[in-house]
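In: Here is the input, now give the coordinates:
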Amino acid sequence: MNVFDQLAAWLGEPGRWSFTDPSGIPYRTVEHLSFSLLSLVIAALLTIPLALWLAHYRRAAFLASSAVNIGRAIPSFGLIILFWFLASRWEVDTTFWPLLIALVALALPPLFTNTYAGVTSLDQAPVDAARGTGYTEGQIMLRIELPLSLPVVLAGARVAFLQLVATVAIGAIVNDGGGLGRYIVDGFAQGAGGYGEILGGGIAVIVLALVCEGAFSLLTRFTVPRGLRITRKNELPSRAKVTIA
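Out: Residues are numbered from 1 along each chain as shown. Model (predicted):
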């Protein structure tokens, strides 16, 4: 039986398309997305307010540039193993926290960098006008700078989320759930007889990543005002090449 026959047989197994069966692709997809979304939300809550405040007052520029290099240098698999080792030493649940903490750590650099870059690259005329009309500094950050920099912030969120989707699959090595990556790990454990499952899991992760990419494009379209999208399209590409990780 070749790998494609194995794949067809694997896809046709009972419960493979169930939302309630742990072996089902829909079940594993929801599990995969839950880990990714939870990590992204936590990272955004930790990062975006701080980056917005620092960018507003033009502080810690070195931290923004360092975040890019740190994000590129840290190996995701190494982080997962490190946190798994620490959790096992401290007798903490090793099936959830190591992967979640590693995912949050991976999402921090692109979110911080893009939020900081998006605010610092803004034209200061709207900010000065708002300040002149009596806006407080907090109102300027929330009502002027954050909405205007939203396209760049969402670009950072997209980069972070796609990285998280890919890393959750790797996390199946130390996580009993593991989302779609569970198929890849279990397939390798079976040897030659698991090639179909490995291929199916790999295809599922790729399809999920492409769907998430499309979802972020739609999110940008519906959350960013049309006039701002046109302005950003015409003005930001040259800056984005330098500032967006």
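
In: Could you point out the longest helix of this protein?
Out: helix 25-56 (DSSP state H).

In: So which elements touch that helix?
Out: When contacts are defined as 3 or more Cβ pairs under 8 Å, 6 or more residues apart in numbering; DSSP states H and E, helix 25-56 sits against helix 61-73, helix 97-120, helix 150-171, helix 181-189, helix 195-223. No exception for glycine: its C-beta is placed from N, CA and C like everyone else's.

In: any low-confidence regions in the chain?
Out: 1, 68-69, 71-72, 176-177, 225-245 (pLDDT under 70).

In: let's go with 50 and repeat that
Out: 236-245 (pLDDT under 50).

In: Spatially central residue in it, please.
Out: Centroid-nearest residue in the chain: Phe161, 1.7 Å away (criterion: Cα atoms, centre = their mean).

In: How about the backbone phi and psi for Gly58?
Out: Check again: residue 58 is Arg, not Gly. The phi/psi pair for Arg58 (degrees, to the nearest 10) reads phi 60, psi 50.

In: Count residues in the vicinity of it, would you?
Out: 10 (other Cβ atoms under 10 Å).

In: Tell me who's in contact with it.
Out: Thr120 (Cβ atoms under 8 Å, 6 or more residues apart in numbering).

In: Gly178 too?
Out: Counting by Cβ under 8 Å, 6+ apart, Gly178 has contacts 31, 168-169, 171-172, 185.

In: next one: Ala107
Out: Contacts for Ala107 (Cβ under 8 Å, 6+ apart) come out as 39-40, 43-44, 47, 160-161, 163-164.

In: So what's the residue count around Phe222?
Out: 7.

In: Would you mind stating the distance between it and Ser36?
Out: Separation of Phe222 from Ser36 (Cβ to Cβ, to the nearest Å): 20 Å.

In: would you turn the contacts of Ala107 into TSV with distance to Cys212?
Out: Supplementary listing: those in TSV, determined by distance: Cβ to Cβ, whole Å:
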residue	distance to Cys212
Ser39	13
Leu40	10
Ala43	16
Ala44	16
Thr47	19
Ala160	11
Phe161	6
Gln163	11
Leu164	9
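
In: most neighbours, which of those?
Out: Counting by other Cβ under 10 Å, top hit in the contacts of Ala107: Ala160 with 29 neighbours.

In: That one and Leu40 touch, don't they?
Out: Yes. Counting by Cβ atoms under 8 Å, Ala160 does reach Leu40; the two are 6.1 Å apart.

In: nearest to Ile80, of the contacts of Gly178?
Out: Ile80 has its nearest neighbour among these in Gly171, at 5.5 Å by Cβ to Cβ.

In: That closest one: what's its closest spatial neighbour, skipping adjacent residues?
Out: Using Cβ to Cβ, 6 or more residues apart in numbering and skipping the chain neighbours, the partner closest in space to Gly171 is Leu99 (4.1 Å).

In: residues touching that neighbour, list them.
Out: Residues in contact with Leu99 (Cβ under 8 Å, 6+ apart) are 35, 80, 83-84, 168, 171, 174-175.

In: Give me the distance between it and Val168.
Out: 7 Å.

In: which residues are common contacts for these two?
Out: Joint contacts of Leu99 and Val168 (Cβ under 8 Å, 6+ apart) are Phe35.

In: before we move on, back to that, most tightly packed of the helices and strands packed on helix 25-56?
Out: Greatest average neighbour count among those goes to helix 97-120 (a mean of 25), per mean count of other Cβ atoms under 10 Å.

In: Downstream of that helix, the next helix or strand is which one?
Out: Per DSSP states H and E, the first helix or strand lying C-terminal to helix 97-120 is helix 124-132.

In: so how far is that next one off the chain centroid?
Out: 33 Å (Cα atoms, centre = their mean, to the nearest Å).
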